[in-house]
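*Asks:* just a sequence and a predicted model for now, questions to come.
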Number of protein chains: 2
Amino acid sequence: MDIRTLCLGILTLEDATGYEIKKTFEGELSHFYDASFGSIYPALNRLTDEGLVTCTEHAQTGRPDKKVYAITAKGRIEFMDALSAKPRKDRIRSEFLAMLMFAGLMSSSRVAGLIDDRINDLERDIAFYEGCRDTGRNEDLFLRGFGCAIYRAERDYLIENRHMLEAEALLAGSAAE
Amino acid sequence: MDIRTLCLGILTLEDATGYEIKKTFEGELSHFYDASFGSIYPALNRLTDEGLVTCTEHAQTGRPDKKVYAITAKGRIEFMDALSAKPRKDRIRSEFLAMLMFAGLMSSSRVAGLIDDRINDLERDIAFYEGCRDTGRNEDLFLRGFGCAIYRAERDYLIENRHMLEAEALLAGSAAE
DNA sequence: AGAGTCATGTAACGCGTTACATGATTGT
DNA sequence: ACAATCATGTAACGCGTTACATGACTCT
């Protein structure tokens, strides 16, 4: 599912501007997808050319005209098609975990710092999801709960098992310090 | 951390061929990184050109010569540098979750099928990590435990909360069936 | 005064995937 | 017989990021 298709999906929920779509990617979607303006705006233009969305311009002073996009019947059909396909395997890329794979090459304080920072990030993310106001959509509630559950599991695992890597670093890490 | 750097890291653990590095990506690393031959082989050639690894060829019959790579002192220093940088935010792309965001557009049986498949995949992944033979490295043990913890949390969340989406689909999903 | 928000876009570039090419040997 | 494993590589292509360009208004 590319950004273009996801933009189409977001427009099944509500008409929106490119800017608002970006906001959505930073909200509920943030922990399992990401997209920059550089991919959203061209995607929206392409969708318009293909007749899958329509675009209504609202003049504004001092800012570029606001372009509100709405999905068409054709767009809805295309998105339904995308929903009927088998989801492909998750693609994850975690530098944090990749680095921990080499904990033995780092000093124990470096490993501890890395883990402390990660735990802080996780607490922040959990607080973010807990602080989100309710949209009234069950899907959003589900997704936020999902994010929280994963983050909590990660945090708890780190707290309970960090000693494995910090001890490792103590033994092997003299070269790095 | 690009594939090139990660290949360098893997070579700090043990000399290896491109093929064996691919295996590593499919093993301990599989749930938080991925790489194809099309990126590994060119990376290895580049690392050789840069003097960060050396390559020893072993003639074989019927197969391309086996090329065993070993990291150099310069390579080790470069990798240490990479380890001292701040890890960037995880990049996650989950089509499964993206699709669930639109559960209301699907029939309840479709949503149920999606979740059933996911739970099966998770059970398989958990079994994979539990079945891995011990490498003797604490880091590998930690990473496998991490993967299991996350997968279990995900599975449990799905089991306990799937009704939220299946009920949703029942209410809104008449159009899709 | 300076950061953040709102608002849209383009161009260059990087990184990696996918598909193709080759082919013997081993397991089911 | 057929699939999987071992083994390396190239070329085209896609997708998305990053950086740049522009600029007013509002909060601290």
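*Replies:* Structure's in. What do you need?
*Asks:* near DNA strand C, which residues of chain A are found?
*Replies:* For chain A, the residues in contact with DNA strand C (Cβ under 7 Å from any atom of the strand) are A:17-20, A:23, A:37-38, A:41-42, A:44-45, A:60, A:63-67. Where you see a C-beta, it was placed from the backbone N, CA and C, and this is true even at glycine.
*Asks:* check whether stretch A:19-32 comes near chain B.
*Replies:* Yes: Stretch A:19-32 lies within reach of chain B by Cβ under 8 Å from any Cβ of the partner chain, at A:28-29, A:31-32.
*Asks:* from those residues, which has minimum pLDDT?
*Replies:* Across those, the bottom pLDDT score, 81, is held by A:Glu28.
*Asks:* now do the contacts for that residue.
*Replies:* By Cβ atoms under 8 Å, 6 or more residues apart in numbering or on different chains, the contact set of A:Glu28 is A:132, A:135, A:140, A:143-144, B:101.
*Asks:* what about stretch A:160-174, average pLDDT?
*Replies:* In this model, stretch A:160-174 has an average pLDDT of 76.
*Asks:* then stretch A:56-75?
*Replies:* The average pLDDT within stretch A:56-75 is 91.
*Asks:* quick check: buried residues in it?
*Replies:* Within stretch A:56-75, the residues scored as buried using 16 or more other Cβ atoms under 10 Å in any protein chain shown are A:67, A:69, A:71-72, A:75.
*Asks:* tell me the one among those nearest to DNA strand D.
*Replies:* Minimum distance to DNA strand D across these is 14.1 Å, recorded for A:Lys67 (Cβ to the nearest atom of the strand).
*Asks:* check for me that that closest one belongs to a strand.
*Replies:* Yes: judged by DSSP: H, G, I helix; E, B strand; the rest coil, A:Lys67 forms part of a strand.
*Asks:* nearest residue to A:Ala82 in space, please, no chain neighbours.
*Replies:* Nearest residue to A:Ala82 in three dimensions, chain neighbours excluded: A:Thr5, at 5.0 Å (Cβ to Cβ, 6 or more residues apart in numbering or on different chains).
*Asks:* do a quick rundown of the helices in chain A.
*Replies:* A:3-13, A:18-26, A:37-49, A:73-84, A:95-100, A:108-131, A:138-172 (DSSP state H).
*Asks:* what about the shortest one, near DNA strand D?
*Replies:* No: contact between helix A:95-100 and DNA strand D, assessed by Cβ under 7 Å from any atom of the strand, is absent, since the two come no nearer than 12.1 Å.
*Asks:* is any residue of that helix near chain B?
*Replies:* Yes: counting by Cβ under 8 Å from any Cβ, chain B has neighbours in helix A:95-100: A:95-100.
*Asks:* of the residues of stretch A:19-32 next to chain B, select the buried ones using a PyMOL command.
*Replies:* Typed into PyMOL, the line below selects the buried ones among the residues of stretch A:19-32 next to chain B, using 16+ other Cβ under 10 Å:
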select buried, chain A and resi 28+29+31+32
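*Asks:* format the residues of stretch A:19-32 next to chain B as TSV; extra columns: distance to DNA strand D.
*Replies:* Below are these laid out as TSV (distance: Cβ to the nearest atom of the strand, whole Å):
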residue	distance to DNA strand D
A:Glu28	16
A:Leu29	12
A:His31	14
A:Phe32	12
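*Asks:* now, among the residues of stretch A:19-32 next to chain B, which is nearest to A:Arg110?
*Replies:* In terms of Cβ to Cβ, no member of these lies closer to A:Arg110 than A:His31, at 26.1 Å.
*Asks:* quick revisit: now the residue nearest to A:Ala82: how far from A:Arg88?
*Replies:* 12 Å (Cβ to Cβ, to the nearest Å).
*Asks:* leaving out chain neighbours, which residue sits closest to A:Arg118?
*Replies:* Using Cβ to Cβ, 6+ apart, the nearest residue to A:Arg118 is A:Phe96, at 5.6 Å.
*Asks:* now do the same contact list for that neighbour.
*Replies:* A:Phe96 is in contact with A:114, A:118, B:87, B:90, counting by Cβ under 8 Å, 6+ apart.
*Asks:* re earlier: tell me the one of the buried residues of stretch A:56-75 nearest chain B?
*Replies:* Minimum distance to chain B across these is 11.4 Å, recorded for A:Ile71 (Cβ to the nearest Cβ).
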